[in-house]
Every structure is written in C-alpha cells, then in structure tokens.
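Build the 3D model from these lines:
(2 chains)
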Protein chains: 2
Amino acid sequence: MISEIGFDADDTLWHCENMFFETQARLEEILEQYAPREEVEAKLHDTELQNVRLFGYGIKGFTLSMVETAVQISGGKITGDEVHEILMMGKSMLDAPVELIPNVRTVLASLQDRYRLILITKGDVLDQTNKIDKSGLGDFFDQIEVVQKKDVDSYRDVLTRHEVDPTQFLMIGNSIPSDVLPVLELGGWGVHVPYRHTAVFERHEDDPPHDRFRRLESLSDLPALVADIVA
Amino acid sequence: MISEIGFDADDTLWHCENMFFETQARLEEILEQYAPREEVEAKLHDTELQNVRLFGYGIKGFTLSMVETAVQISGGKITGDEVHEILMMGKSMLDAPVELIPNVRTVLASLQDRYRLILITKGDVLDQTNKIDKSGLGDFFDQIEVVQKKDVDSYRDVLTRHEVDPTQFLMIGNSIPSDVLPVLELGGWGVHVPYRHTAVFERHEDDPPHDRFRRLESLSDLPALVADIVA
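Alright, predicted model coming up:
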C-alpha cells in the first residue's frame, strides 16, 4: 500500500544543479588566469563544505563561497570588476526562471487523485518558495515542506505532523543521501531518479541494498512504478 | 482578554541590529579611502533595499550587499584582501553568540503559565533557528514561527493555523511596521518596545493612532502592561 508520495523539488521536478554547474564553469573561466580549472573546482568544493554549517544550502551561500574562492585562488589579486561579475552571477541565479523537468505536470496530474502528494525540499525558504511560485506546480501538492535538513529526524517530523504512516510513504528524488536513505530507514519506499549533475553535498557511492529501494531513469516512469508496487 | 502573546525575536528578545551597526561601521572604515562614510552608508542602504527582493532578510544577503557596495564605492578598486575582510565580517556575524536583552528569562517565565507564548520572527530560517537554539529560550514558547514577511496576511496565516482569536492576541516587538501595524489591523494589541538601532527596512515615522497600541521603554514592563489590559 502507498498512500502518500513525497517529491524532492530541485533536479527532480525542475532543473537546478545545471545552473550551479554553468555558473561554476564561468567562475573557472574568470579564475583561469590565477589557477588551473581543476584547482578552482576543488577549492570551491572545499569552501562550500567548510561553509555549509554557517551558510546552509542555497544560492546566497554559494555566491559567498564563490567570492571567497576567488580571493583565495587569486592570492588576493582578484579585481573589483571580477568580484562584481561573480556577484551578478549569483543574482541571475536567484532571478532565473524555473525550467520544469519533462512531463512533470502529466506525472503529478495522474497521481494527485489517488495519492496525497507532498513536496519536501531542502534549502533557503525564500529561494525555494520563489521557485515553487515560479514553477506553477504548487496546487498539485497537499503539503509543501521546506526543511533545513533531510535526515531521519526531519522526515519523521514531517510524516508525524501530517499523520503519514511511513510504511505507506514513497519518496522520490535525485539524491540518495537526502531522498532515499532516511526514508528507507523509516520503513518507507525510496526511489532514486538521477540527475545529470549532483551537488557536492549529495554524492553517494553505492546503491542501498534494500527491497524498498528503486531506481528510475525518468520521473515519467513513476506512475507505472507506483501501480506496480500497490498491485 | 488576552490569551496569546507573540514575541518578535531580533532586538526584542536578543540583541541583533547592534551587530549589523558595528559591522557597517567597520565597512565604512575600510572604505574611507574611497569615499566619505556617509556616502558608504547611503550606498549600502540603497543596495540593501534593491536586493531585498532577491536576498530576503538576513546576514548572508547583508554580506553580499556589503561586497557589492564595496565594489561600487571603490569604482572597482577594492582589493582582494578588503573583500576577504568583508566576507569574514559576515561569517563572524553568523557565528556570533546570542546576547539576551536584560530580564528576558524573568519576563517569559512570569507569563508562560497564564498565556500561550508564540515566537514570530522574520528572516533566514537557518540563521533564526540557530539563534533560537543558542538563546536557550525555545522552551518558553508553545509555537515558533520563522516567517518570510510580517504583514497582515502572514499574521493571519499564523493565527489561523494556531487557532488564535486575533482580538485576544498581543504582539510585542521593536518594529512598528512589522510587529505592530499588521496586528492592530487584525484586531489585536500591538506593543512597541524600541531598540537603539532600527534596520533600514523597519523604519517608521509616526505612531499609529490606535487604542490598542502601546509603547514600553523596556521588555521588563510587559507583565505589568498585560495585567493592566486584562484587569
């Protein structure tokens, strides 16, 4: 039995990481005069990981980490104009339109009458709320939760508040550590739908060996998977 | 009758704006070689107001606005080391301990048995949650709400969700536009307790002419005011 389906948002319902990826490529280009691109990439990832405790997840923290990386990689030689360009890259990310993953509306429409749909997304509340508004998908969901962490405790809290039985809950998303593992641990179904880029925080080596773990090539395959599970 | 009391947090329960004020003073010092301090102050305020739609409220957005101001005020001549110092100022703000306003614990302890206490604070969820944790005040409150706006709609939403009758609700805070006016409009009591600095977003010229508006010199006077209103 499945009665509720949880959806991750970034890189599950709409494109997100591609924007970080492209912005990072442009940062590497700007800093190429100071250091090779691989070094910039490694330094940016280190900086992001070090800053996550203070900055959390989101574009503002990413932009601050880019500026910090630029200062360090350039040994303080970064120019005001280069810093300005990095700031403007962060602002255009915040202001970018939301591009939906193919077939999202069809998939949600086909599931919404039979299941309670819950959007569970991690990050900066203002950024995420703006994206939900821009996506036009808000009305498909019975509940929308913007959380600061996606771990066992935060899923337990969301499921308890909405009176969801974890064994009847299926979560789908592009991150094994954030969307799959905690839900499996609570007794639910975890469905992984990979995106072409994975954020440095969300990387995971091995598939969880678990009979309620599934992987889909595309979100479009979700209705068939759910029908198969409940059959 | 009063049954619920809402408390703003920043500059009502703990000091906050003084940190922005001191950081801004240091920014003016760094940029003094490029422009007079008043010009830096005016430019920073303009930049903050222009960026609030994209950045929302909080330290990360403030830090990005400081860097943007530095680039512009210096005509691009700002150095990497100066940018680095500005970034580090932002990080120390995020990492700063929470300093309580005098008598906060006594005031909350004296009210918590007779009234339902609700913390209603605006800003970045991660920043605000960290501060609530650091303050040690979380347990005094029946509900904690971190909102993105403090307007009539957002107060109505909070009060509805917690089944609060607006006419039995009193809100106290240091901002007339955010803590007083929307609550008065909903039929509740609005109590202003000024803080020595007021954020650029929260300034307000005139007192609201209203029979449920009150002003206190200090949070310590709140229990007596509430006793007076319910008498």
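
Up against chain B, what does chain A have?
Counting by Cβ under 8 Å from any Cβ of the partner chain, chain A comes close to chain B at A:51, A:54-56, A:60-61, A:63-64, A:67-68, A:70-72, A:74-81, A:83-84, A:87, A:90-91, A:94-95, A:124-126, A:129, A:146, A:148. Yep, even glycine has a C-beta here, placed from its N, CA and C like the rest.

How far does the helix or strand of chain A with the lowest mean pLDDT sit from its chain's centre?
Across the helices and strands of chain A, mean pLDDT, DSSP states H and E gives its lowest value to helix A:125-135, namely a mean of 91. Helix A:125-135 sits 13 Å away from the centroid of its parent chain (Cα atoms, centre = their mean, to the nearest Å).

again with stretch A:186-198
Computed by Cα atoms, centre = their mean, the chain-centroid distance of stretch A:186-198 equals 11 Å.

cool, and stretch A:122-141?
Mean-position distance between stretch A:122-141 and its chain equals 12 Å (Cα atoms, centre = their mean).

And the contacts of the top strand by length along chain A?
Determined from DSSP state E, the single longest strand within chain A is strand A:116-122. Contact with strand A:116-122 is made by A:3-10, A:13, A:57, A:108, A:111, A:128, A:132, A:137, A:140-150, A:155, A:158, A:162, A:164, A:171, A:178, as judged by Cβ atoms under 8 Å, 6 or more residues apart in numbering or on different chains.

Sort out which of those are buried, if you could.
The neighbour count (16 or more other Cβ atoms under 10 Å in any protein chain shown) marks A:4-10, A:13, A:57, A:108, A:111, A:128, A:132, A:137, A:140-141, A:144-148, A:150, A:155, A:158, A:164, A:171, A:178 as buried among the contacts of strand A:116-122.

which of the residues in the longest helix that chain A contains are buried?
If you go by DSSP state H, chain A has its longest helix at helix A:37-55. Neighbour-count burial for helix A:37-55, with 16+ other Cβ under 10 Å as criterion, is recorded at A:40-41, A:43-45, A:47-48, A:51, A:54-55.

that older thread, in helices, which of the buried ones among the contacts of strand A:116-122 fall?
Those of the buried ones among the contacts of strand A:116-122 mapping onto helices are A:108, A:111, A:128, A:132, A:155, A:158, per DSSP H.

measure the last one to chain B for me?
What that stands for is residue A:158. 15 Å (Cβ to the nearest Cβ, to the nearest Å).

I figured that residue hits residue A:144, correct?
No - checked against Cβ atoms under 8 Å, the pair residue A:158 and residue A:144 is beyond contact range at 10.6 Å.

need the strands for chain A, in chain order.
All strands of chain A, identified by DSSP E, fall at A:4-7, A:116-122, A:143-147, A:169-173, A:189-192, A:213-215.

To residue B:201, which of those strands lies closest?
Closest to residue B:201 of these, according to Cβ to Cβ: strand A:143-147, at 22.0 Å.

what's the spacing between stretch A:113-124 and its chain's center?
13 Å.

measure that stretch end to end?
Start-to-end span of stretch A:113-124 (Cα to Cα, to the nearest Å) is 30 Å.

can you pull the buried residues of that stretch?
A:115-124.

Domain map for chain A?
Domains of chain A are assigned by automatic domain parsing as A:4-14+A:98-230, A:17-95.
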